[in-house]
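In: Pasting the sequence and the predicted model now:
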Amino acid sequence: MTMVSINGERRDLPGEATVETAVREAGVEREGRGVAVAVDGEVVPRGQWSGTALREGQQVEVLHAVQGG
Amino acid sequence: MTMVSINGERRDLPGEATVETAVREAGVEREGRGVAVAVDGEVVPRGQWSGTALREGQQVEVLHAVQGG
Amino acid sequence: MTMVSINGERRDLPGEATVETAVREAGVEREGRGVAVAVDGEVVPRGQWSGTALREGQQVEVLHAVQGG
Amino acid sequence: MTMVSINGERRDLPGEATVETAVREAGVEREGRGVAVAVDGEVVPRGQWSGTALREGQQVEVLHAVQGG
Amino acid sequence: MAFEIGDRSFDSRLILGTGGFRNLELMARAVEASGAEMATVAMRRVDPSARGSILEVLDDAGCFVLPNTAGCFTARDAVTTARLAREALGTDWVKLEVIGDDRTLLPEPGDLLEAAETLVADGFTVLPYTSDDPILARRLEDAGCAAVMPLGSPIGSGMGINNPYNLRLIVEQARVPVILDAGVGTASDATLAMEMGCSGVLLASAVSRAEDPAAMARAMRLAVEAGFEARRAGRIPRRLHGEASSPAEGVAELTWPPS
Amino acid sequence: MAFEIGDRSFDSRLILGTGGFRNLELMARAVEASGAEMATVAMRRVDPSARGSILEVLDDAGCFVLPNTAGCFTARDAVTTARLAREALGTDWVKLEVIGDDRTLLPEPGDLLEAAETLVADGFTVLPYTSDDPILARRLEDAGCAAVMPLGSPIGSGMGINNPYNLRLIVEQARVPVILDAGVGTASDATLAMEMGCSGVLLASAVSRAEDPAAMARAMRLAVEAGFEARRAGRIPRRLHGEASSPAEGVAELTWPPS
Amino acid sequence: MAFEIGDRSFDSRLILGTGGFRNLELMARAVEASGAEMATVAMRRVDPSARGSILEVLDDAGCFVLPNTAGCFTARDAVTTARLAREALGTDWVKLEVIGDDRTLLPEPGDLLEAAETLVADGFTVLPYTSDDPILARRLEDAGCAAVMPLGSPIGSGMGINNPYNLRLIVEQARVPVILDAGVGTASDATLAMEMGCSGVLLASAVSRAEDPAAMARAMRLAVEAGFEARRAGRIPRRLHGEASSPAEGVAELTWPPS
Amino acid sequence: MAFEIGDRSFDSRLILGTGGFRNLELMARAVEASGAEMATVAMRRVDPSARGSILEVLDDAGCFVLPNTAGCFTARDAVTTARLAREALGTDWVKLEVIGDDRTLLPEPGDLLEAAETLVADGFTVLPYTSDDPILARRLEDAGCAAVMPLGSPIGSGMGINNPYNLRLIVEQARVPVILDAGVGTASDATLAMEMGCSGVLLASAVSRAEDPAAMARAMRLAVEAGFEARRAGRIPRRLHGEASSPAEGVAELTWPPS
């Protein structure tokens, strides 16, 4: 298991967890249109979600657009 | 002859001059739509123009609407 | 007895009551410095207080200076 | 001879010229109270004026307080 | 939303003064661009040499003609002028002006009130141009005026509303329409007046003497509607400090390592 | 008349912030009534429970989406947020906000300028929310921002334009569009900003938190157009005294006997 | 520099209203701190239970007593009250007040003018409390008033000068002293009035209802002198841009190597 | 009441800039009339032809000399100028100016903050001339400045306080003295600044370029004291309507017959 933080909440993910896994965990459906991800403060482009493994303790932020400004 | 003031100018009118005469003198064409007359500071309704004789020295004001306000 | 209004209150004064009487009734001490009187809306100079009789139903106002303005 | 700029004017000073020389050249009398000097943008404390030699082409600024602000 | 003055109803809350246009052609275009349904005229001596008729232009534009008593310094002259206008134009409506000083063109309170009383008794629908004194405004209303028309600042000065406080008091207390008359210099002045609760705005120089009268007329039409809508919409309160317009929740933690 | 920002052209000079609406339905109606062609959004953590998509609403309205960096207090966070927005929305436009104090929400000058430089270098079209300091505005322009967006007063305060003088200086010196951002409380604030020469107005709370958002949106649309037209039309100068709008010539002599 | 009203000359340009003090002791201290040489009193029904005499306090302070007609709503009542004051206090000076509305306490123009004419004819030195209407101010002057005393804003409102433009017009045209009466809330209001050319300032609540009346009285004394001196001194003009107060010449070249 | 800046205490809250006087004689009289205990000087190239010494004049007046960095456009030049002043005058106090634009003379925020940090680290008592941006003011305070000196409006403009709201925020948050620097045109500006809670006022042109500098200096001295006293005294609140300053009780019934 890998413990990471997803949008501020600690989550235990199965080994081999990737950013893709985290995005699903965050509640985003399949194609994830309008969503962007930062891991430890760095943007991870959508194309690299499935290829980017998560390490213990990493901080994943999954964002989308909301009313504002 | 009767000397009256029409719109500030002294004019000599033939005897029997009426308000009607003065209105013509002032340069108003026939029916005189949109025109009003005061003699010595009193309004003279159109219906009374022809019947109202002018006396020597009277002050006739012939007015109409212009741009303003 | 003569019933008059002194500063808005009905008072019964002995017959022969004068403005002087009313002034005392109003609580003004002897010489009444700084005081002025109006009866039925007319000023009564101090010199005439003792000589001015009050009639039934008259309205006496006894004024002086207070903080204001 | 050493050519330097003193308060924006080119001056030829005898060899061995020091900051002290430049200060005199600038028109400052003996003790030079209320005066400060920068050479090539760096402050030279009064105590080092006589000991600081000037090199060809250096820029000397001799300042004092004036009305202002 | 229509508004009533006396026995008439208007869709446009902009009343146009016709003075100051360089020619009737420019005036005609401005009247159309303004969407105004009422326009003022002055009464002057007939001038045989003059060409074109302002009345025709205003009739063609479907504008109701409101004669004024501009140039009068006494109640008596103003009353006579109103009666002459009624005779000439067949209307018993009048924009009542009694001027107290020809440098500032500020109204003469005593004669204004006296003339208003006389004309109301004579059956006129009286729209008085008045100062921003709330007491005088109330007396004019008590005298039976169909509206009160306080100035924002002197006629033609373009200073806008010099004393918003007084204008507020007038609007607060009035039971007849309050129309800002005089002082408007640009669109925001008109918007402000409407936001403060005026029922309408009367202006002349701001449009007629603008570089491009028709464009300014259009601007004024929009400005009056904007102010009227804004008042109806219920503005947000003024707050001393800021209030975020983006949510405070869900803000990401992007600093790494976390401080 | 269209205006350009960066490589885009807009007909409407009103930019709407989408924060503060009680629901998407009210927002949709207000967006339509406002005629806005550009609207801001914020970037926040996904919330599976949330319903409805703001992007769909804005797409349906044909609104260009402008992500902001609201909630960021450092240049670094703002830059990351802009990049996340680019990733999520496929746009390289950003309304850059770096806040210096969460009570007044006033911008942090140093970090704002630093973030602007970084994002411009990274190919972004940067629209910075800034203070009304003319020097900072110029530095942001020098840094390559596509527009400068000074505040009139703090976000959500509704105080309008606190320092017209500074806004004038900014407009005077700017070679990019100046957009009044923040502080607008009611229609006349927007009209005033346009009359002062702003190219556009960005507002959120004034509409979203009004009692009737759609009505205020309509008011703002009219107000922005009114101010833009009025500036083009060339207003009359302010005069210290009055100037008659009715002719001085041809005034009748009505007093009898003549005094 | 002394100033004259009617046949009297005063060194202090601050006139104190005595209403609103919590007690005579506080009033006495404030009068002293203010340096005022004239103070107003109101005429009311004698109250046997009342203690202390305001007249003694003002006499001890060497203050000239100015009775007012506060509380009167008609010319007739004001005239009678002035005559009662003359009878009671042996003075023919009066601060003339005729109120038109008891919520705003604004003056009733018609009755005010009528009362002024009556009292002047009766030999009074009349100081009328009036609105900021320049026309009414001139009529009062024409009626023979010894000064005109326009309000800055309603009595006790503390809003200061709501319409500086009107006050300027009044000062510009007046041939008698103009005294700002009513509306002063704090020291800067008084300074401003004097800078605008008023000959003096009359205030009550600003001092009597301040947390520390004596301290505010001292502040007002200083403020009136400051404004009077500043006007005499001839202020610098307002400039749209900056003007260095340090010399542009002799600036050192400190950047090395020179750019 | 004395106030402290850094390790010094002053009785007078008026700081005088010495620029703009037509000669030292006029300056000397103004300094005396102002009661100032601190006065600024600029650092410029020695001019052998110049006569009279400003330092002697200020010493005779017992004025503490505060050198400024006027004329500097970069942090580096300002720092060097401060060090030259320390060398020349033996003081480690400095009025820090870094100008961003020579037309408006507004400060350059980034370089100002950088210079402040450098000079504080170098042991200086730094009094920065800053914009009215509350965020920048706080950063300067955080950097260790002994006071913050926001402008009211540009140097020499005489426009007074253009943004009272920002000045209020700065005063509210500051833990060091806030001194209004620049923009004062006349006495009421200084009174207002003190009423708003400033600890002092720094001005030059308003006095030095007045028609009568000594008279204006006296006015400013009174104005600063008036504003300081007024704030201490606790002003009355602003009220929307009037409040009688004469008692409502005991009003006589003078109308006869009673209506």
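Out: All right, it came through fine.
In: How are the helices of the stretch 1-150 of chain E distributed by residue range?
Out: Here the stretch 1-150 of chain E has its helices, by DSSP state H, counting those that start in this stretch, at E:24-34, E:54-60, E:75-89, E:109-121, E:134-142.
In: Which one of those lies nearest to chain A?
Out: Among those, helix E:24-34 comes nearest to chain A, with 35.7 Å by Cβ to the nearest Cβ. For every residue, glycine as well, the C-beta is placed using N, CA and C.
In: Report whether that closest one contacts chain F.
Out: No - Helix E:24-34 stays clear of chain F (Cβ under 8 Å from any Cβ of the partner chain), getting no nearer than 9.6 Å.
In: State the number of residues packed around the closest residue to residue E:67 other than its chain neighbours.
Out: In space, and not counting its chain neighbours, residue E:67 is closest to residue E:85: 3.5 Å by Cβ to Cβ, 6 or more residues apart in numbering or on different chains. When neighbours are defined as other Cβ atoms under 10 Å in any protein chain shown, residue E:85 has 28 of them.
In: Include mean pLDDT when you put the helices of the stretch 1-150 of chain E into JSON lines, please.
Out: Below are the helices of the stretch 1-150 of chain E laid out as JSON lines (pLDDT from 0 to 100):
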{"stretch": "helix E:24-34", "mean pLDDT": "96"}
{"stretch": "helix E:54-60", "mean pLDDT": "93"}
{"stretch": "helix E:75-89", "mean pLDDT": "96"}
{"stretch": "helix E:109-121", "mean pLDDT": "98"}
{"stretch": "helix E:134-142", "mean pLDDT": "98"}
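In: Next one, pLDDT for the residue of the stretch 51-200 of chain E found nearest chain D please.
Out: Residue nearest to chain D within the stretch 51-200 of chain E (Cβ to the nearest Cβ): residue E:159, separated by 36.6 Å. Residue E:159 is assigned a predicted lDDT (pLDDT) of 94.
In: residues touching it, list them.
Out: Neighbouring residues of residue E:159 by Cβ atoms under 8 Å, 6 or more residues apart in numbering or on different chains: E:152-153, E:183, E:185, F:238-239, G:165.
In: Test my guess that the residue nearest to residue E:67 contacts residue B:65.
Out: Yes - taking contacts as Cβ atoms under 8 Å, residue E:85 lies within contact range of residue B:65: 7.5 Å.
In: Spell out which residues are contacts of both of those two.
Out: Listed as contacting both residue E:85 and residue B:65 by Cβ under 8 Å, 6+ apart are E:43, E:67.
In: nearest residue to residue 3 other than its sequence neighbours?
Out: Here I'm looking at chain A. Closest to residue A:3 by Cβ to Cβ, 6+ apart is residue A:12, at 5.4 Å.
In: you looked at the wrong chain, it should be chain E
Out: Using Cβ to Cβ, 6+ apart, the closest residue to residue E:3 is residue E:199 (5.1 Å).
In: The one you found: neighbour count?
Out: Burial measure for residue E:199: 21 neighbouring residues, criterion other Cβ under 10 Å.
In: low-scoring pLDDT stretches of chain E, where are they?
Out: Low-confidence regions of chain E, defined here as pLDDT under 70, cover residues E:258-259.
In: re earlier: wait, what's in contact with the residue nearest to residue E:67?
Out: By Cβ under 8 Å, 6+ apart, the neighbours of residue E:85 are B:36, B:65, E:43, E:67, E:69, E:91, E:94.
In: Compare these and tell me which is most surrounded.
Out: residue E:43 (31 neighbours).
In: Verify the contact between that one and residue E:91 for me.
Out: No - with contacts counted by Cβ under 8 Å, residue E:43 stays clear of residue E:91, the gap being 11.8 Å.
In: what distance separates the biggest strand by length in chain E from the centre of its chain?
Out: Identified as the longest strand of chain E according to DSSP state E is strand E:38-45. Here strand E:38-45 is found 15 Å from its chain centre; the criterion is Cα atoms, centre = their mean, to the nearest Å.
In: okay, the angle between it and helix E:24-34?
Out: 160 degrees (axes from the mean of the first three to the mean of the last three Cα atoms, to 10 degrees).
In: Can you pull out the low-pLDDT segments for chain A?
Out: Ranges of chain A meeting pLDDT under 70: A:30-32.
In: in it, which spans are helices?
Out: In chain A, the helices defined using DSSP state H lie at A:19-25.
In: Could I get the contacting residues of whichever residue of it sits closest to chain B?
Out: Across chain A, no residue is closer to chain B than residue A:69, which sits at 47.0 Å (Cβ to the nearest Cβ). Residue A:69 is in contact with E:245-246, F:17-19, F:40-42, F:66, F:68, F:70, F:95, F:97, F:204, counting by Cβ under 8 Å, 6+ apart.
In: please redo it, this time with the cut-off set to 7 Å
Out: E:245-246, F:17-19, F:40-42, F:68, F:70, F:95, F:204 (Cβ atoms under 7 Å, 6 or more residues apart in numbering or on different chains).
In: for residue E:74, same thing?
Out: Counting by Cβ under 7 Å, 6+ apart, residue E:74 has contacts E:98, E:111.
In: what are the phi and psi values for it?
Out: Backbone torsions of residue E:74, given as degrees, to the nearest 10, read phi -130, psi 160.
In: Could you tell me how far it is located from residue E:115?
Out: 8 Å (Cβ to Cβ, to the nearest Å).
In: in what helix or strand does residue E:168 lie?
Out: Taking DSSP states H and E as the definition, one finds residue E:168 inside helix E:164-173.
In: Just confirm yes or no for that helix near chain G.
Out: Yes - residues of helix E:164-173 contacting chain G under Cβ under 7 Å from any Cβ of the partner chain: E:165, E:169.
In: So that helix, near chain H or not?
Out: No - on the criterion Cβ under 7 Å from any Cβ, helix E:164-173 is out of touch with chain H, staying 8.2 Å away.
In: same deal with stretch E:236-255?
Out: No - residues of stretch E:236-255 are not located near chain H by Cβ under 7 Å from any Cβ, the shortest gap being 8.3 Å.
In: could you list every residue that touches residue E:10?
Out: So, once contact is read as Cβ under 7 Å, 6+ apart, residue E:10 ends up touching E:2-3, E:37-38.
In: residues near the residue nearest to residue A:7 when sequence neighbours are not counted, how many?
Out: Among residues not flanking residue A:7 along the chain, residue F:45 sits closest, at 4.2 Å (Cβ to Cβ, 6+ apart). Residues near residue F:45, counting by other Cβ under 10 Å, number 20.
In: Residue E:26 touches residue E:213, doesn't it?
Out: Yes - Residue E:26 lies in contact with residue E:213 (Cβ atoms under 7 Å); the separation is 5.3 Å.
In: Mind checking which of these two has more residues around it?
Out: Set residue E:26 next to residue E:213 and count neighbours by other Cβ under 10 Å: residue E:213 wins out with 24 against 17.
In: Sweet, I'm off.
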